[in-house]
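> just a sequence and a predicted model for now, questions to come.
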Amino acid sequence: MDVGIDDKQAGERVSPAKVVSGGPLPPESDTLYEARRQIYPQSINGTFRRIKWAILVVTLGIYYLLPFVRWDRGPNAPNQAVLVDLEHNRFYFFFIEIWPQEVYYLTGLMILAALGLFLMNALAGRVWCGYLCPQTVWTDLFLMIERLAEGDRRDRIRKEALPLNVQRVAEKTIKHSLWLAIAWWTGGAWVLYFNDAPTLVRQLATFSAPAIAYIWIGILTATTYVLAGFMREQVCLYMCPWPRIQAALTDENALNVTYRYDRGEQRMSVKKAKAVRATGGQAGDCVDCGQCVAVCPTGVDIRGGPNMGCIQCGLCIDACDNVMRKIGRPERLIAYDTDVNIKRRLAGKENVFRPVRVRTVLYVVLILGIGGLMAGKLVTRSDSGIAVIHDRNPLFVTLSNGEIRNGYTVRFSNMAATTRRFMLKIEGLPGSRFEVIGEDKNQSGKEDLDIGPDQTRETRLLVFSGTAKPDGNSTPLTFVLTDETGKTIATAKDFFRAP
């Protein structure tokens, strides 16, 4: 049985001797840049394609449906499980509520995401790009629609060479209509995370939603339609910075989609390989069919060695395995492997895989450490708080009766869903007294403050030295917030200034 080249653009043969870092040596050319060429990825079935479909269904299902998931937080609180409430400066994620002053949680999440990306890169190269990147996920979806509307690779190449006719116009209309529908719902789903989803859907349907919602839906519809429908691999090759960054983070032990040239070379047809082997010659398993190139979403010939365009999706592995099964040869001529193992096999040694090494252990330790700190802080955090800022000018005032007065701006926070009464006391300056002034002047001289549900309250506070004599010109003070039972629930530290 012989397997022919899919088409002449499948890629020229490249021997291992010609392979250099970054791919085969470029041909002679008068230009520094490769001309833009249309890529028609061929559909393929196999292990990695099924993994990609499963991830696509799960990730898009979460993205599109999560805004409609409800979570009961009690009265006076939204019941959307995941909500970015810009109007009230809150972020809700199921049982977690993040306030603006807790932005460090978001910072921590971004650090964890970066470390997770580094760990994935250390283990399996650009596996994020091949399976989880939004550009990859939406491009896969758009390619599926394109195949359903216009046919697979051979059909699309043939039709593109023909003049437009009624059938082609109908196919393109169907394709672009479905692309726009998905892009529109992608933008629509995004804005649902910023308002109550069922309410906003009704408003959008009756054209009564805020103008900003339509603006953002339009922006995201356009970007999804253009990036996933037209730019595709160009985003990975030219727009995304990760291919350039990950090259500095990987090492020789990271698994990457690799053409095992120790087994594949020299390339030749099945018939010729059989004849060469019959005479005792050396023939590789690669039959130069070009299927690995035909299925690649970025048009890379993985046989040319490491290439920045390879997103490590594994589709070329599925394509090669299918060919190997048909011709009765072992699978995984292309596989997740390392150049170190290729060299070891050429030297007659066993493969060595080292997922546990210094950098991977460091990433795991950092992820667990930062994640543990964030979880601990989240579990032990209080649902109330107090923050104090001392007046800058003047720092203190000496009164006619000899007392020293300091002014403070105090902000109280009640993160609970019910109105609460707080008691305030000041420690560190015996004999001192304080007064609440401004809008709370009716509570002047009192120590209790009522704060509404999920609210903050800022007030002016004057502290008088009273009969106490300040020790030096800076005395530490502790502002203690307690509940009605006297239990301390939050504290803030500052200083009492004196001459």
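Cool, got the structure.

> residues near the spatially closest residue to Asp318 that is not a sequence neighbour, how many?
For Asp318, ignoring the flanking residues on the chain, the nearest one in space by CB to CB, 6 or more residues apart in numbering is Gly46 at 2.6 Å. Backbone N, C-alpha and C define where each C-beta goes, glycine included. Neighbours of Gly46 under the rule other CB atoms under 10 Å: 19.

> repeat that for the one 10 residues further on.
Neighbour count for Leu56, taken as other CB under 10 Å: 18.

> so it is in which element?
Using DSSP states H and E, Leu56 falls within helix 47-65.

> would you mark the buried spots in that helix?
Neighbour-count burial for helix 47-65, counted by 16 or more other CB atoms under 10 Å, picks out 48-49, 52, 55-56, 60, 63.

> again, but for stretch 204-219
Buried-residue list, stretch 204-219, by 16+ other CB under 10 Å: 204, 209, 213, 216-217.

> cool, and stretch 75-84?
77-78, 80-83.

> what does it contact?
66-67, 69-73, 85, 90-94, 193-197, 417-418, 453-454 (CB atoms under 8 Å, 6 or more residues apart in numbering).

> show me the longest helix that occurs in this protein.
As assigned by DSSP state H, the longest helix anywhere in the chain is helix 166-192.

> helix or strand right after that helix?
Past helix 166-192, the next helix or strand by DSSP H and E is helix 197-205.

> what angle separates that following helix from helix 47-65?
Interaxial angle of helix 197-205 relative to helix 47-65 (axes from the mean of the first three to the mean of the last three CA atoms, to 10 degrees): 80 degrees.

> against which helices or strands is helix 197-205 packed?
Other elements packing on helix 197-205 under the criterion 3 or more CB pairs under 8 Å, 6 or more residues apart in numbering; DSSP states H and E are helix 166-192, helix 211-226.

> can you dump the C-alpha coordinates of the last one into PDB?
It stands for helix 211-226. Only the C-alpha atoms of helix 211-226 are listed here, as PDB (Å, rounded to 0.1, in the frame of the first residue of the first chain):
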ATOM      1  CA  ALA A 211     -26.100  51.800  25.400                       C
ATOM      2  CA  ILE A 212     -22.800  50.700  26.800                       C
ATOM      3  CA  ALA A 213     -24.000  47.100  26.700                       C
ATOM      4  CA  TYR A 214     -24.700  47.300  22.900                       C
ATOM      5  CA  ILE A 215     -21.300  49.000  22.400                       C
ATOM      6  CA  TRP A 216     -19.400  46.200  24.100                       C
ATOM      7  CA  ILE A 217     -21.400  43.500  22.400                       C
ATOM      8  CA  GLY A 218     -20.500  45.200  19.100                       C
ATOM      9  CA  ILE A 219     -16.800  45.400  19.900                       C
ATOM     10  CA  LEU A 220     -16.500  41.800  21.000                       C
ATOM     11  CA  THR A 221     -18.600  40.600  18.100                       C
ATOM     12  CA  ALA A 222     -16.300  42.300  15.700                       C
ATOM     13  CA  THR A 223     -13.100  41.000  17.400                       C
ATOM     14  CA  THR A 224     -14.400  37.400  17.700                       C
ATOM     15  CA  TYR A 225     -15.500  37.400  14.100                       C
ATOM     16  CA  VAL A 226     -12.300  38.800  12.700                       C
END
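
> please work out the average pLDDT along that helix.
Taken as a whole, helix 211-226 has a mean pLDDT of 95.

> next one: it to chain centre, how far?
Centroid separation for helix 211-226 versus its chain: 20 Å, with CA atoms, centre = their mean, to the nearest Å.

> packing partners for that helix?
For helix 211-226, the packing partners by 3+ CB pairs under 8 Å, 6+ apart come out as helix 166-192, helix 197-205.

> tell me the buried residues in the longest one?
Neighbour counts using 16+ other CB under 10 Å place 171, 175, 178-179, 182-192 of helix 166-192 among the buried residues.

> that one to helix 197-205, inter-axis angle?
130 degrees.

> report the distance from stretch 158-175 to the chain centre.
37 Å.

> including distance to Gly280 and mean pLDDT, could the helices and strands packed on helix 211-226 go into a markdown table?
As requested, the helices and strands packed on helix 211-226 are arranged in a markdown table below (distance: least, CB to CB, whole Å; pLDDT from 0 to 100):
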| stretch | distance to Gly280 | mean pLDDT |
| --- | --- | --- |
| helix 166-192 | 53 | 95 |
| helix 197-205 | 70 | 93 |
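
> so which of those is nearest Asp494?
Each of these has some distance to Asp494 by CB to CB; the shortest is helix 166-192, at 42.2 Å.

> and the closest one, what does it pack against?
Right, helix 166-192 is packed against helix 47-65, helix 134-150, helix 197-205, helix 211-226 by 3+ CB pairs under 8 Å, 6+ apart.

> lovely, talk soon.
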